[in-house]
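Engineer: Need a 3D model of the following:
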Amino acid sequence: MLDYQLVCEVRYELDPHRLDEFADYARTWVRLIRRHGGIHHGFFMPREAPAGSAMSFASLGATGPANEAVALFAFSDDDAYRRYRESVAADPEGIEANTRFADPPFKSYRRCFLEPASE
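Structural biologist: Below is the predicted model:
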């Protein structure tokens, strides 16, 4: 059985002039989410596809944007996620991060909540 039932996926449109700052943002939030009860699966930056990697369903697939990063993190349930939101807002590093990244190192983001389809 998985240790989590709530997964948050965040997709960021990157600012190509602020990639180092985005990497620092990512390290900060991985640390904060883990500190406050989450399981962080990491931030993932775009890269070139391996040579010869064809789409499995060529008529349906498309290559994603080269300026999009993805973060995946999880919590055991909705209550654990709510506790994280409350506790990170009171954490001195969380407060500092929100101040530091008030002008975010990305152009936009999309967030969705997911649940495991299988184990």
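Engineer: Over to stretch 46-65 now: how far is its first residue from its last?
Structural biologist: In stretch 46-65, first residue to last residue: 8 Å (CA to CA, to the nearest Å).
Engineer: Check which helices and strands the strand or helix carrying A71 sits against.
Structural biologist: For A71, the element it lies in under DSSP states H and E is strand 68-75. On a contact count with 3 or more CB pairs under 8 Å, 6 or more residues apart in numbering; DSSP states H and E, strand 68-75 meets strand 6-14, helix 19-35, strand 39-44. C-beta coordinates here come from the backbone N, C-alpha and C atoms, glycine included.
Engineer: And the contacts of the first one?
Structural biologist: Applying CB atoms under 8 Å, 6 or more residues apart in numbering, the contact partners of strand 6-14 are 22, 45-46, 65, 67-78, 80-81, 106-116.
Engineer: and that strand, what's its mean pLDDT?
Structural biologist: Strand 6-14 shows a mean pLDDT of 97 in the predicted model.
Engineer: can you check the last one too?
Structural biologist: Taken as a whole, strand 39-44 has an average pLDDT of 96.
Engineer: quick one, it and strand 6-14 angle?
Structural biologist: On the basis of axes from the mean of the first three to the mean of the last three CA atoms, to 10 degrees, strand 39-44 is oriented at 20 degrees to strand 6-14.
Engineer: what does the second one give?
Structural biologist: Compare the direction of helix 19-35 with that of strand 6-14 by the same axes, to 10 degrees and you get 170 degrees.
Engineer: if we can go back for a sec, and the contacts of strand 6-14, which are buried?
Structural biologist: 22, 68-69, 71, 73-76, 80-81, 106 (16 or more other CB atoms under 10 Å).
Engineer: Spatially central residue in this protein, please.
Structural biologist: A71 (1.8 Å; CA atoms, centre = their mean).
Engineer: distance of that one from H41?
Structural biologist: Shown here: A71 relative to H41, a distance of 8 Å by CB to CB, to the nearest Å.
Engineer: Over to P92?
Structural biologist: 25 Å.
Engineer: Which one's more surrounded, the two?
Structural biologist: H41 (16 against 7; other CB atoms under 10 Å).
Engineer: got a list of what the more buried one touches?
Structural biologist: Counting by CB under 8 Å, 6+ apart, H41 has contacts 72-74.
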